[in-house]
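# Have a look; sequence and predicted model below, questions after that.
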Amino acid sequence: MRQPSRTSLFAAAKRWDEPEVASTLARAPELVSASDPKGRTVLHLACAVKPGSSQLGEAHGLKTVATLLGAGADLEDEVPMEGDEGDFRATPLWYAVARGENLPLVDFLVKLGANASYSLWAAVWRDDEKMCQTLLTAKPKLDLRVHGETPIFYAARLKRLKTLNLLIEAGADSSIADFKGRDAVDIARARRLPEQLINRLDGLRNTRPK
């Protein structure tokens, strides 16, 4: 029998072939922590797959991901970034949100305890209300910054009104400024968002301790 390889494991994971993934790791368990030239492990690659292809072995990859985690894959493993991304971390959950757009898998990972704090910007980018709601059930840190922008500032700047509403309801801090000194209220006014939203952001800002 041919010796299992990283390449064959990665290929099986990317087509959500859970039996092949399990068989490969049973013969070569050390491959669960192997990474590609970009620093992505087999878990990152499995989470990055987008559902819908008839070539996939399962609908949303839950069995494949569960097998990888059971074999020792790290739920919070971070892919190295080339530049300074601030508080952002490219975890398996982020790949499921940003690359896979895979709500059932995101829900699965969140229920396992995955840190949702780094994935909010990706949900905001698509103004994905259901994805954002799922991430918020994990009680993530709402006020981290990527390139100076918190998720609520990012939502206001991009006019992502559905996710902006959810972040307001979750109590995100609208007073945190970006690198130019603007906070979420300032950028909402500059983007001419609905007055009701601006007032809610302003009210949120005014409840913060001075």
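Thanks, I have the structure now. Since we're looking at a predicted model, the values are computed, not measured.

# where exactly do the helices run in the chain?
6-14, 18-27, 42-48, 62-70, 92-98, 103-111, 120-125, 129-136, 151-158, 161-170, 184-190, 195-206 (DSSP state H).

# want to try TSV for the ones you listed, with mean neighbour count as columns?
From N, CA and C alone the C-beta is placed, and that goes for glycine too. Shown next, in TSV, are those (neighbours: other Cβ atoms under 10 Å):
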stretch	mean neighbour count
helix 6-14	19
helix 18-27	18
helix 42-48	25
helix 62-70	20
helix 92-98	27
helix 103-111	20
helix 120-125	24
helix 129-136	20
helix 151-158	27
helix 161-170	20
helix 184-190	22
helix 195-206	16
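
# tell me the domain ranges of this protein?
Per automatic domain parsing, the structural domains of the chain span 1-115, 143-210.

# Any chance of CSV for the helices of the chain, columns mean pLDDT?
Formatted as CSV, those follow (pLDDT from 0 to 100):
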stretch, mean pLDDT
helix 6-14, 97
helix 18-27, 97
helix 42-48, 98
helix 62-70, 98
helix 92-98, 98
helix 103-111, 98
helix 120-125, 98
helix 129-136, 98
helix 151-158, 98
helix 161-170, 97
helix 184-190, 97
helix 195-206, 88
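
# mind checking which of the domains of the chain is nearest Thr134?
Taking Cβ to Cβ, domain 1-115 is the member of these nearest to Thr134, at 5.3 Å.

# could you check the distance from the residue nearest to Met131 when sequence neighbours are not counted over to Trp94?
Once flanking residues are discounted, Met131 sits nearest to Ala123: 4.4 Å by Cβ to Cβ, 6 or more residues apart in numbering. Using Cβ to Cβ, to the nearest Å, one gets 10 Å for the distance from Ala123 to Trp94.

# likewise Thr7?
Look at Thr7 and Trp94: by Cβ to Cβ, they are 24 Å apart.

# Then Phe10?
Distance of Phe10 to Trp94, computed by Cβ to Cβ: 19 Å.

# how much space between the residue nearest the centre of the chain and Leu135?
Among the residues of the chain, Trp94 comes closest to the average C-alpha position under Cα atoms, centre = their mean, at 2.4 Å. Counting by Cβ to Cβ, the gap from Trp94 to Leu135 is 10 Å.

# who touches both of the two?
Shared contacts of Trp94 and Leu135 (Cβ atoms under 8 Å, 6 or more residues apart in numbering): Ser119.

# contacting residues for Tyr154?
121, 124-125, 146, 160.

# if we go to 6 Å?
For Tyr154, the contact set (Cβ atoms under 6 Å, 6 or more residues apart in numbering) comprises 121, 124.

# okay, the helices of the chain in CSV with distance to Glu82 next?
Shown next, in CSV, are the helices of the chain (distance: least, Cβ to Cβ, whole Å):
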stretch, distance to Glu82
helix 6-14, 21
helix 18-27, 29
helix 42-48, 16
helix 62-70, 25
helix 92-98, 16
helix 103-111, 25
helix 120-125, 17
helix 129-136, 25
helix 151-158, 21
helix 161-170, 27
helix 184-190, 27
helix 195-206, 33
